[in-house]
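>>> no letters, just coordinates:
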């Protein structure tokens, strides 16, 4: 029996927006390399960067009824997150649903299924990350759960967890950890700027990260081409 | 023994051009959700939209000889449609063949194989939908059928069926149904414009499509997060 | 035991730059249709064209330590070529490594793994061909060989072989053959320009390439649609 | 609107059974290397060999309602052939449907979707070729066409075309050509038996098929390893 | 920082063993078509059927260190469940680890990675479901979490959830629901036996499931082949 | 211009046969985890184990002419190794070629393409590892190199390198290293037998491999479920 959960928790938008600025790669590192969705979930246009509260729903294969149900539960600052009960590349979301989602303040969508009307979605500036682009529409026969915890593209996501998405992919941050991850991400960024300057000046990572000793311990050997014989 | 069929039927270009305006997603819906090619057939540049009469040919794996034969059968307004006798990602079509096809009025190509020279094809504005991009050229040893019915990317296509292709993918319309599908597509578009306005104003799909009763029949339940317990 | 080979051979940059101008499809034909990497190695931005000396390294799955070692062996005009010891889509190369490689004169990277920070890499104009885009970072626990012969995306590549890469893909040219391949590529280009002019004027490939006799030998038959019966 | 066509044509079972004896590889050759389904349609148990008249149906993704409709149209000697309107790996056919199909004389099933209950199907000796094995069941909300022409796994198949299936895969023979293909297949088999004896005695294919002249024409060169230098 | 959780909850083995008897397809239906792992997780030998308490661990790509840590947490009746932090087909589990797991009462393993030594594992009768078979061994450099909740092959699994696995695939049952699911599964089985008898006697599913009215409502039409014209 | 190299080097069959006994997983470890072919190259029947000298050839897509040329170069104890110039799943090798290869002492075949007639090959006991099973035959139009170095399924292989293949996959050993690898493999086997006994008796890998200190260094923490809170 399909279930819709109302009045779920959400993460403060100030934290959400801070995570958007950090970007997916930094957020992923900052929370201990967890929460990244499968790499085949790709944006329909680039460059793009957005974050929001997960508005979750489950869909049956070839059936997007749940998304219509989800719109009613949307709040400004949400990102729709859709997972199918079995893999499907059909186009679950097109211009009409995008218009409706945007009217309710939804900032974008992450779909482990396909999307369509990508020209219009691009013109609208409504960002979608999906597994496929397909003109194939869907039926409305089998509703699924809305605003319950789901697994989307390999990651466990609850309503109100933070979704950060850009050209590199999509990462989910559990809502309880969002503030701490933001802090860690900002610290990381400061640190990276300095490293980038030093590397741009020609300093080697081997020295910057003090790797030479550990490499020797691992048995790394250097040999000249002239002396390498068959091995080179 | 390979066969070339001359003087095949074609669809009136006024109908073809009308279908182009409607676009792939609308045409696909308008003909009862049939005729869509596999979703991995993707355009080499975007945005793009075109329609034409199918100019069909079969190719052996790694062999594009049939395409040279097909050029002679081309008429203005055609779209080349190529299917391999076994799957192959090689680059069957490059700048020379594109130049030749264009000289004979062909508007684009749909390949269930690979394409190459994509920088030049993009500069020429010659649209190609293909399964892969690959610099690998092909031989000319095994000719295949030209202008016979084929299966391309999962769809049965006869010469003169209408091919509509855009950012969302590729759909084929049987020539006998083309005029009726055009009419249905145009009706659909008028209807969608009104829906889009209402959704943009915040009206819910649940109400616009009168879904609430059917959802209750399906057993959909609403619960508050505070009362949801383990299920959320 | 991982090995780094120093002072490996390289191809003269005048030859390398000549091959860049010819482009991947032409170079591949010019060397007898060999040396092309798998077609799923795709550029992160387009259009793009570059050539360089292969700077090779092997990486463990989820581990990019070797790339840091490789930077020290780089010389201006190199292209980094990375192969994993088992398939992996993680993001092995991001903005910091790209900055470091560029500081040492490296012109781009070809990865049979994933890349990340693609917005920044695009802003930097640092071209990368990779199997995937993924925000997932890597560890530094298991070094691999640097500047030894490797197999990357199906092709055997030695340090100093020439890598040519553009929108069509990536091809490797053995360093001993580079000068001869350049000459053959340039001859090909002159020849193609003439053919393109004739095809643009409407001349058929069937005539230009003198194919009609061979097609008759292969049993090709022409039939009119009106006479084709069931076969069409 | 879904359609069921009754009283479709069928191929004589004497011809069907003759084709079964010849097997898929021989039948495929005998009809000019056409009609072979995609290679990822694999049998759930081996060894196995069967032929029958195609009993066709289309299914929606995740929905097997059409198969129930198809059973009523079955006749002894049929093989069920199922194609989805979009790709799906769910388990569309299990022990109950197999029992029902068998009760109506159906000899097996070819599915461009998934199957389940494979232990029971194996115990029953009911052969199924499918794209996947999956325990995931299906709903009954969207009926599709039954006994109309379909494209299944890349091949156009009409009710009453002959399906031949064994360990090597599945091939479809148009009903009008079935008798002629059977004759060609039987001629081929006689011919192959003689060749096999000669090859088993050590005669080379180069001589048996008289290939040496054509290979010289193609420029084939022989060189001794001692003289081959870098090329070997 | 990797974490090992000791003394996690487990499901009563009487319930576990009851679920094993029901099998994957029935259990999946009985819990509302949830909990099924991706269909590409396949057994290394068939037929096979087993159930146990999930003993969970996360592994780095190409690194099986966590599995060694997990053995110490094993209890009789467990099934090892392994998920990688990024996709990997390497052979994480071979005869030595299988011997060790068996010595601690573990009944089998479910791996969203590869396995190896499959001849020996088959001789031992130690069942493994995996995404690949690969001889490639792994390193021990990066430990991961053991006995924490994970996502494996698309399903959220906690230690002590019930894993049921057979020829059809693998399903996970949350430990709180295990007893209720067992009851529902047993009810289902009784019901199916009766249906199977009736279908074997030739009764149609259309009648047994009372589908004819609903099909008429959906617009299903019957037509004779002789009257079907172009549509057939 | 295709090339056949005669009188290439081979590895002593005593060494070859010793490597067969060790098996793929052990040989792969014994030579430093190198030389393993892609994991999708699978045997057509199981269990199976064989080793031989590589008899290499390159084939064009959909064209097996080179294999006929290779038979003439075969010597007893060889294993045929086939790589395509672009990916292809067609059935390049069937019962006739297998009969011919066997007549010349060839022990099996490793194909980065498809195979067919698998029932007959199984009855003959002629082992084949391939990427696909397909009834689709091939043409004889484009010969390729025979007995030159090739890349097959990601590994660089020269004529006379040792191919070891079993249920776990396929590994290649460079002929110069074959004797040393055999020695290392035999040492490994002795060592593993002892470990297996100790693990079977319940000793933990954590102790047997002395891992506890290194795990503490990596920051591994143990916590009781009762104290784990949200993390478990």
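Arrived safely, thanks for sending. Because the structure is a prediction, the values reported are computed rather than measured. Residues are numbered from 1 along each chain as shown, chains lettered A, B, ... in the order given.
>>> mind naming the longest strand for chain A?
Longest strand of chain A, by residue count under DSSP state E: strand A:49-59.
>>> is chain D within reach of it?
No - on the criterion C-beta under 8 Å from any C-beta of the partner chain, strand A:49-59 is out of touch with chain D, staying 10.1 Å away. The C-beta positions use only the backbone N, C-alpha and C, and glycine is treated the same way.
>>> next secondary structure after that strand?
Downstream of strand A:49-59, the first helix or strand assigned by DSSP states H and E is helix A:65-73.
>>> tilt between the next helix or strand after that following helix and strand A:49-59?
Later in the chain than helix A:65-73, the nearest helix or strand by DSSP H and E is strand A:78-84. Taking axes from the mean of the first three to the mean of the last three C-alpha atoms, to 10 degrees, one finds that strand A:78-84 is oriented at 40 degrees with respect to strand A:49-59.
>>> how far away from the center of its chain is strand A:78-84?
Here strand A:78-84 is found 11 Å from its chain centre; the criterion is C-alpha atoms, centre = their mean, to the nearest Å.
>>> what's the longest strand of chain A packed up against?
Under the contact definition 3 or more C-beta pairs under 8 Å, 6 or more residues apart in numbering or on different chains; DSSP states H and E, strand A:49-59 sits against helix A:13-22, helix A:65-73, strand A:78-84, strand A:150-152, strand A:162-166.
>>> deepest of those, which one?
For the helices and strands packed on strand A:49-59, the largest average neighbour count (mean count of other C-beta atoms under 10 Å in any protein chain shown) is found in strand A:162-166, namely a mean of 30.
>>> whichever helix in chain A runs longest and chain E in contact?
Longest among the helix segments of chain A by residue count, using DSSP state H, is helix A:178-200. No - shown here: helix A:178-200 not in contact with chain E (C-beta under 8 Å from any C-beta), separated by at least 13.6 Å.
>>> show me what from chain A comes close to chain E.
Counting by C-beta under 8 Å from any C-beta, chain A sits next to chain E at A:1, A:32-34, A:38, A:85, A:87, A:149, A:151, A:154-156.
>>> now tell me what touches stretch A:219-232 from outside.
C:1-9, C:69, C:143, C:147-149, C:158-159, F:176 (C-beta atoms under 8 Å, 6 or more residues apart in numbering or on different chains).
>>> show me what contacts residue A:172?
Here residue A:172 is in contact with A:35, A:37, A:54, A:152, A:155, A:157, A:161-164 (C-beta under 8 Å, 6+ apart).
>>> hmm, 10 Å instead?
A:27-28, A:31, A:34-37, A:54, A:79, A:81, A:110, A:152-153, A:155-158, A:161-165 (C-beta atoms under 10 Å, 6 or more residues apart in numbering or on different chains).
>>> re earlier: between the helices and strands packed on strand A:49-59, which one is closest to residue C:126.
strand A:162-166 (17.8 Å; C-beta to C-beta).
>>> the next helix or strand after that closest one: which residues count as buried?
Downstream of strand A:162-166, the next assigned helix or strand under DSSP H and E is strand A:169-173. Burial within strand A:169-173, assessed by neighbour count using 16 or more other C-beta atoms under 10 Å in any protein chain shown, is assigned to A:169-173.
>>> for residue B:213, state which of these is nearest.
The shortest approach to residue B:213 among the buried residues of strand A:169-173 belongs to residue A:172, at 34.8 Å (C-beta to C-beta).
>>> in the sheet, who's paired with that closest one?
When assigned by DSSP bridges, residue A:172 has beta-bridge partners residue A:163.
>>> is stretch A:27-44 in proximity to chain C?
Yes - under the criterion of C-beta under 10 Å from any C-beta of the partner chain, chain C is reached by stretch A:27-44 at A:27-29, A:33, A:36-40, A:42-43.
>>> among the residues you listed, name the buried ones.
A:27-29, A:33, A:36-39, A:42-43.
>>> of all pairs in the residues you listed, which one is the farthest apart?
Counting by C-beta to C-beta, the most remote pair of those is A:33 and A:43, 21.4 Å apart.
>>> pLDDT weak spots in chain A?
A:230-232 (pLDDT under 70).
>>> for the residue positioned nearest the centre of it, which residues are in contact?
Closest to where the C-alpha atoms of chain A average out (C-alpha atoms, centre = their mean) is residue A:170, at 1.2 Å. By C-beta under 10 Å, 6+ apart, the contact list for residue A:170 reads A:24, A:28, A:35-39, A:41-43, A:50, A:79, A:81, A:108, A:110, A:112, A:129, A:152-153, A:155, A:157, A:163-164, C:135.
>>> sorry, back to before: and chain A, which of the contacts of stretch A:219-232 contact it?
When contact is defined as C-beta under 10 Å from any C-beta, those meet chain A at C:1-9, C:69, C:143, C:147-149, C:158-159, F:176.
>>> strands - which of those residues land there?
Residues of those located in strands (DSSP E): C:3-6.
>>> let's have the residues you listed in TSV, adding distance to chain B and neighbour count.
Shown next, in TSV, are these (distance: C-beta to the nearest C-beta, whole Å; neighbours: other C-beta atoms under 10 Å in any protein chain shown):
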residue	distance to chain B	neighbour count
C:3	32	19
C:4	32	22
C:5	29	23
C:6	33	16
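>>> separation between residue A:27 and residue C:44?
Between residue A:27 and residue C:44 the distance is 20 Å, computed by C-beta to C-beta, to the nearest Å.
>>> do the same with residue A:84
Applying C-beta to C-beta to residue A:84 and residue C:44 gives a distance of 28 Å.
>>> re earlier: of the ones next to chain A among the contacts of stretch A:219-232, just the buried ones, ChimeraX syntax please.
Burial among those is assessed by 16+ other C-beta under 10 Å; the matching ChimeraX selection reads:
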select /C:2,3,4,5,6,8,69,143,147,148,149,158,159
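>>> quick one, what contacts residue A:158?
Residues in contact with residue A:158, defined by C-beta under 10 Å, 6+ apart, are A:8-9, A:54, A:56, A:81, A:147-150, A:172, A:174-176, B:232.
>>> I meant residue A:169, not that one.
A:24-25, A:28, A:36-43, A:110, A:129, A:153, C:91, C:114, C:116, C:118, C:132-136.
>>> return the subset of those lying in strands.
A:42-43, A:110, A:129, C:91, C:114, C:132-133.
>>> you'd agree residue A:213 is in a strand?
No - if the criterion is DSSP: H, G, I helix; E, B strand; the rest coil, then residue A:213 is helix and not within a strand.
>>> so how many other residues sit close to it?
Counted with other C-beta atoms under 10 Å in any protein chain shown, the neighbours of residue A:213 add up to 8.
>>> gap between it and chain E?
For residue A:213, the distance to chain E equals 17 Å [C-beta to the nearest C-beta, to the nearest Å].
>>> and the closest residue to residue A:91 other than its chain neighbours, what does it touch?
In space, residue A:91 comes closest to residue A:116 once its chain neighbours are excluded; the distance is 3.0 Å by C-beta to C-beta, 6 or more residues apart in numbering or on different chains. Contacts for residue A:116 were tallied using C-beta under 10 Å, 6+ apart; they are A:44, A:90-95, A:97, A:128, A:130, A:132-138, B:23-25, B:28, B:39, B:167-169.
>>> can you rerun that using 8 Å?
A:91, A:93-94, A:133-137, B:25, B:168.
>>> which of these lies closest to chain C?
Chain C has its nearest neighbour among the contacts of residue A:116 in residue A:133, at 16.0 Å by C-beta to the nearest C-beta.
>>> partner residues bridging residue A:83?
Using DSSP bridges, the beta-bridge partners of residue A:83 come out as residue A:58.
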